[in-house]
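Asks: Turn this into a model:
(chains A and B)
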Amino acid sequence: MSDLTTIREEVLPSLTKAATLAELEELRVAVLGKKGRLTELMKSLGAMSPEERKSFGQELNVLKEEITAAFTERKSFLEAEAINERLKNETIDVTLPPRPFVQGRIHPVSQVTEELLAIFSQMGFKLAEGPDIEDDWHNFEALNFPKSHPARQMQATFFMKDGGGDILRTHTSPVQVRTMESQDLPIRIVAPGRTYRCDYDMTHTPMFHQIEGLVIDKSTNMGHLKGCLIDVFKAFFEVDDVPVRFRPSFFPFTEPSAEMDIGCSRENGEFKIAKGKGWMEVLGCGMVHPNVLKASGINPDEYQGFAFGFGIDRMAMLKYGIPDLRTFFEGDIRRLKHYGFIPLDIPAMNIGLSLNGGIKR
Amino acid sequence: MKLTLNWLKEYIDTEATLDEITAKLTDIGLEVEEVSNPAAALKDFIIAEIKEVNDHPNADKLHILKVDTGTEVLQIVCGAPNVHVGLKGVLARPGVIVPISGETLKVGKIRGVESFGMMCSARELKLGEDHNGILDLETDAPLGTSFAKVLGEDPLIDINVTPNRPDCFGVLGVARDLSAAGIGTFKDTAATPVKGSFLSPIKVNLSPSGCAIFTGRYIRGVKNCASPQWLQDRLNAVGLRPISALVDVTNYLNIGRCRPLHVFDATKIKGDIEVRYAKEGEKLITLDEKEHTLTADMTVIADAEEVLSLAGIMGGEKSGVSDDTTDVFLESAWFEPMNIAATGRALNIESDSRTRFERGVDAASAVPDNEIATRLILELCGGEASEIVIAGKEPHWQREITFRPQRVNELCGVDVSKAEAEKILTALGFTVNGDKVTPSSWRPDIEGEADLVEEVMRIYGYDKLPALSMISGEMPKVLLTPRQKKEISARRALAERGGFQAITWSFMSSEKAKLFGSKGVMLGNPIASDLDEMRPSLLPNLIDAAKRNADRGYPNTALFEVGPQFTGAKPGEQEAMASIVRMGKNHSRHWLDAEREADVFDVKEDAIAALAAIDAPISGLQVFRTAPSYYHPGRSGALCLGKNVLAYFGELHPNVLKAMDVKERVVAAEVFLDKVPAKELKNKNQKTVLMSAFQPLSRDFAFIMDTGIDAEKVLKTAKNVDKNLIADVQVFDLYEGERLGEGKKSLAIEVTIQPQEKTLTDAEIEDISARIVNAVKAATGAELRS
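Replies: Below you'll find the model as predicted:
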């Protein structure tokens, strides 16, 4: 009996005094370890009479639980203390900047091209493409620009030196011809790409970007052309309504031909889609000229359709308020960083067309 | 095409306002670019009369005038030669804005004499080009009257005429279109023949020459005076300088009726008129005093001795009329548009006449316009006209086009009745006969039914076009072409790695192209001498851009571009590239990560990242130490699939950078998007994931070997020791230094072993390790570092 009392009186206070987890563990081993004082007493139970064993065993268990509980409590306390101590020593200045991260940019012209592709793909348009260096046939002749016709002067053309009449394409329209020559009917395509004209001033660069559209089937008419373009510009500018005006115009490869203006305002340099504030010419379009269909081997009595083409650079400028066309092609890091788009900003119709990728850094 | 409201009203009766007229013009395809009212700017200018002319004491050519404004007499210093007492002119008083300069006039002191205003020339008021003297007005208006009132309100309308509408290069044609669209009543007085009183002494011989009809008229005894005010006003208003009655008449018909004419001084014509092709090498000095050498495909008007004028483009200097001209020979003809265009382009001559002939002047108007011009010359200059001389006949312009009114609905989605369509076509001057339409002689652009549909639709009104949404058919399977898809993915991958996408010109300087493997794809007419070759590589433009940024204080750049480079001058001889240039540090100084120069391994990863983004099988890529000569020979390589080079990467050659005036090291990568094989889309199912129940373990090996040994060889050799168990091999250390001796390096690799079926015993692990050591040793001569 007195053994247990001694142990209780000795062990419990020493547990609460243990200053470190190591000290505490030492104490635990001394009492509860393989050769600990209580363990030794446990071992002595075997030699006792049944009654003695029962009563001493009970007392022994009570004490063991008591000591275990005290030990656990002290251990938790010391652990908590140790963590507190560690926390105190590990404080850092979290206001310091994190590791460097260079976030790249997508050029506005590419971004806007992808936006347009997202819109057109919703309307069932496939993509087509053609070469930058073109022959006379695809750029002019098959598009009903006869040689020496003044209409050719509408487009200041770059000629290849000793190129046998090959040129840098002046518009994306040759892709119309290439598509009609190679694809099965019906056709519904758009073709974005680089185009070139020998012009360089405030509003012209010798290289720029266009997107061409072509629909050929048996029933598409000019009303669809108008509706399609209104739908496209509504989606592109992300507005409920876009006022448009169709004006008769002339392009050798469409008949009837039209130019489309959109209603807009420009106040303090800011462009806004608006009704009754003025018009801005944005594109040329029309019904594909029978001569063009014929040149591509399509029977104009059976098939018809529309074509349009417009400048992508200009659309980027209008939508995102970028002031000067010429700066698009300078690779100025300050402008790219400011006007460019972050890699996660992938245009898609299902999540809202633009500015989806979070915040620029 | 510039015309004025009053001129327009010569051909239509209308009460429509200026706004209604200009809005309608734009609606029917005659886009109004600008409407201006020159008179409005001149309301503060007044009529004043010169009362006294005195010589300036300090200048020979200046005069001191006393000018009466009706309320006061002002002293004005004036340099015009035509000043005289009694001249009524236009006075600008201090405070008015002078149109030509846009500046406010002030009281001035000219050579010591004060001047309280300025007597104005036509040019100073932007009323014309004349600056030879001050305006000399014949006006009854009281002194002090606003000049705007005297000038009359005649707004100027500038129309953007499309190349298919030669008729609208005449005020008459514009008026006809307007009246067809419901503005006013068209009025054109039919030309009545002038009865000649003698036979023209000059005959016309027409040989095959690109001229269908040539009409002439000899008029003798004319007096070439100044034109009357109304005619001068007409011409001035549209920016043409009145010259003399004979010349002004031709300009009046040119602008008014789209009828280019020419008037020869008949006394300078030797023998008869020959309309023919030029002889190769024949020379002509044109009215603008330039000498041209002609070729045998150019149409000329000649006499028995020499070329007199370049048909339909510009007259010759010698045979032109002057103030002393008494006898003239009038020409009204029709020339082949293509021929005129080709000649004009070859000789680089722009003229109002060429603009009209090359687009197609009314095929039936040579004779009637000759009559109208003759009448006007007789009226203004007097004289006596011969019988008309006609050679050739008007070109065949009559053609029948089948027109089905329902085609308007089929092509435009608008229902226009047969009667409405016929009314429109008739108003435009076309002849409708059942379902056959004959376009008028002044509309060479109308070739087929689609053109007639446009005519009906544009007059009926494009505003009536419905807006029909596209009917979505079956969804196409793939929307992007493989190349476009690759371009988008490569772009995002490089931006993801911190690259900034630039778009640079497709052309560059041939000088620099030589450094980058020029393919000699030259432009015949470059916009600038340093943009004369199609780029053989995207790198030089990107390096230039990076240098510009560095010069502006932004030295650390990763600029990339996705676009074409050119391998030849034929369509299709181009490659789609994704190329990146890194210059300067990988990032700016930072307390955690030390800055370092962007290096070869940055751009190598750029190339791999772009290739991975476009589904190139990157695990099968091999690296070769070969790259084009513009790379540093020891610091560049190629990423290849077999013999197929998918990308180059490396540091640029110091000589190339020196030639481009770049002092820093530059690293770059070029990815050939087209060379990556298209990924098969057939099976979307992924292979089943392999998850071993046993933990992977790793072993490190450090080898000492010759510095020239490829690390890739060590990695591949180790990997191939047991493809089943060895999951990965990585280089974790590279050391070259004195301790190893000259020409040696230490390469340390970590091999990850993934047991598949059971835990490996120590002996088995030892066995693999030994095999790795032996294999690397055998392949590279390396020794395990102890």
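
Asks: For the rest of this, base every contact and every neighbour count on C-alpha atoms.
Replies: Fine.

Asks: So which residues of the stretch 51-200 of chain A form strands?
Replies: A:126-127, A:133-134, A:167-168, A:187-196 (DSSP state E, counting those that start in this stretch).

Asks: and the second one, what does it pack onto?
Replies: If you count contacts as 3 or more C-alpha pairs under 8 Å, 6 or more residues apart in numbering or on different chains; DSSP states H and E, strand A:133-134 packs onto strand A:167-168.

Asks: helices or strands up against the strand it packs on?
Replies: Here strand A:167-168 touches strand A:133-134, going by 3+ C-alpha pairs under 8 Å, 6+ apart.

Asks: what lines up beside the strand it packs on in the sheet?
Replies: When pairs are called by DSSP bridges, strand A:133-134 turns out to pair with strand A:167-168 (antiparallel).

Asks: residues in contact with the strand it pairs with?
Replies: Identification of contacts with strand A:167-168 by C-alpha atoms under 8 Å, 6 or more residues apart in numbering or on different chains yields A:132-136, A:157-160, A:195-197.

Asks: please redo it, this time with the cut-off set to 10 Å
Replies: Here strand A:167-168 makes contact (C-alpha atoms under 10 Å, 6 or more residues apart in numbering or on different chains) with A:131-136, A:139, A:157-161, A:194-198, A:207, B:523-524, B:534, B:569-571.

Asks: in the stretch 151-300 of chain B, which spans are helices?
Replies: B:171-180, B:229-237, B:245-257 (DSSP state H, counting those that start in this stretch).

Asks: Now the stretch 1-150 of chain A against chain B: closest residue?
Replies: Here the residue of the stretch 1-150 of chain A nearest chain B is A:Gly104; by C-alpha to the nearest C-alpha that distance is 3.8 Å.

Asks: Tell me how far that residue lies from A:Lys319.
Replies: Distance of A:Gly104 to A:Lys319, computed by C-alpha to C-alpha, to the nearest Å: 21 Å.

Asks: who's more crowded, those two?
Replies: A:Gly104 (27 against 16; other C-alpha atoms under 10 Å in any protein chain shown).

Asks: Distance check, that one against B:Glu410.
Replies: Distance from A:Gly104 to B:Glu410, by C-alpha to C-alpha: 50 Å.

Asks: cool, and B:Pro633?
Replies: 66 Å.

Asks: The longest helix belonging to chain B: which residues count as buried?
Replies: Using DSSP state H, we find that the single longest helix of chain B is helix B:762-780. Across helix B:762-780, burial judged by 16 or more other C-alpha atoms under 10 Å in any protein chain shown covers B:765, B:768-769, B:772-777, B:780.

Asks: Distance to chain A and pLDDT for those - can I get that in TSV?
Replies: TSV is the format used below for these (distance: C-alpha to the nearest C-alpha, whole Å; pLDDT from 0 to 100):
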residue	distance to chain A	pLDDT
B:Ile765	38	93
B:Ile768	40	95
B:Ser769	38	95
B:Ile772	38	96
B:Val773	38	95
B:Asn774	42	95
B:Ala775	41	96
B:Val776	38	95
B:Lys777	40	95
B:Thr780	39	93
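
Asks: How about residue 227, nearest residue that isn't a chain neighbour?
Replies: No chain specified, so I'll use chain A. B:Ala467 (3.9 Å; C-alpha to C-alpha, 6 or more residues apart in numbering or on different chains).

Asks: was after chain B, sorry
Replies: B:Ala245 (4.4 Å).

Asks: list the contacts for the one you found?
Replies: Contacts of B:Ala245 (C-alpha under 10 Å, 6+ apart): B:223-228, B:231-232, B:251, B:323, B:376-377, B:380-381.

Asks: hmm, try it at 6 Å
Replies: By C-alpha atoms under 6 Å, 6 or more residues apart in numbering or on different chains, B:Ala245 lies in contact with B:224-227.

Asks: Out of those, flag the one nearest to chain A.
Replies: Among the contacts of B:Ala245, and counting by C-alpha to the nearest C-alpha, the member closest to chain A is B:Ser227, at 33.4 Å.

Asks: Which elements pack onto the longest strand anywhere in chain A?
Replies: Longest strand of chain A, by residue count under DSSP state E: strand A:254-267. Contacts defined by 3 or more C-alpha pairs under 6 Å, 6 or more residues apart in numbering or on different chains; DSSP states H and E place strand A:254-267 against strand A:244-248, strand A:270-273, strand A:279-288.

Asks: just these: most buried one?
Replies: Compared across these, strand A:244-248 shows the largest average neighbour count, a mean of 23 (mean count of other C-alpha atoms under 10 Å in any protein chain shown).

Asks: That one: partners in the sheet, and parallel or antiparallel?
Replies: Strand A:244-248 is paired, per DSSP bridges, with strand A:254-267 (antiparallel).

Asks: what does the partner strand rub up against?
Replies: Contacts for strand A:254-267 (C-alpha under 6 Å, 6+ apart): A:243-250, A:271-275, A:277-289, B:450, B:454.

Asks: who's the closest residue to B:Val263 other than its chain neighbours bridged to?
Replies: Taking C-alpha to C-alpha, 6+ apart, and ignoring the residues beside it in sequence, B:Val263 has B:Leu330 as its nearest neighbour in space, at 4.6 Å. Taking DSSP bridges, one obtains B:Arg217, B:Val263 as the residues bridged to B:Leu330.

Asks: For B:Leu330, give me its contacts.
Replies: Contacts of B:Leu330 (C-alpha under 6 Å, 6+ apart): B:216-217, B:262-263.

Asks: residues of the helix or strand bottoming out on mean pLDDT in chain B that come out buried?
Replies: Ranked by mean pLDDT, DSSP states H and E, the weakest helix or strand in chain B is helix B:147-151, scoring a mean of 80. Neighbour counts over helix B:147-151 (16+ other C-alpha under 10 Å) mark B:147-150 as buried.

Asks: packing partners for it?
Replies: Secondary elements touching helix B:147-151 (3+ C-alpha pairs under 6 Å, 6+ apart): none.

Asks: what angle do the one helix or strand B:Phe732 maps to and helix B:762-780 make?
Replies: Using DSSP states H and E, B:Phe732 falls within strand B:726-735. Angle, strand B:726-735 to helix B:762-780, by axes from the mean of the first three to the mean of the last three C-alpha atoms, to 10 degrees: 60 degrees.

Asks: quick one: strands adjacent to the following helix or strand past strand B:726-735?
Replies: The helix or strand immediately downstream of strand B:726-735 is strand B:744-753, counting by DSSP H and E. Strand B:744-753 pairs in its sheet with strand B:697-706 (antiparallel), strand B:726-735 (antiparallel), by DSSP bridges.

Asks: now these in TSV, with mean pLDDT and mean neighbour count?
Replies: TSV is the format used below for those (pLDDT from 0 to 100; neighbours: other C-alpha atoms under 10 Å in any protein chain shown):
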stretch	mean pLDDT	mean neighbour count
strand B:697-706	95	17
strand B:726-735	94	15
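
Asks: could I get those strands as JSON lines with distance to A:Gly36?
Replies: As requested, those are arranged in JSON lines below (distance: least, C-alpha to C-alpha, whole Å):
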{"stretch": "strand B:697-706", "distance to A:Gly36": "40"}
{"stretch": "strand B:726-735", "distance to A:Gly36": "50"}
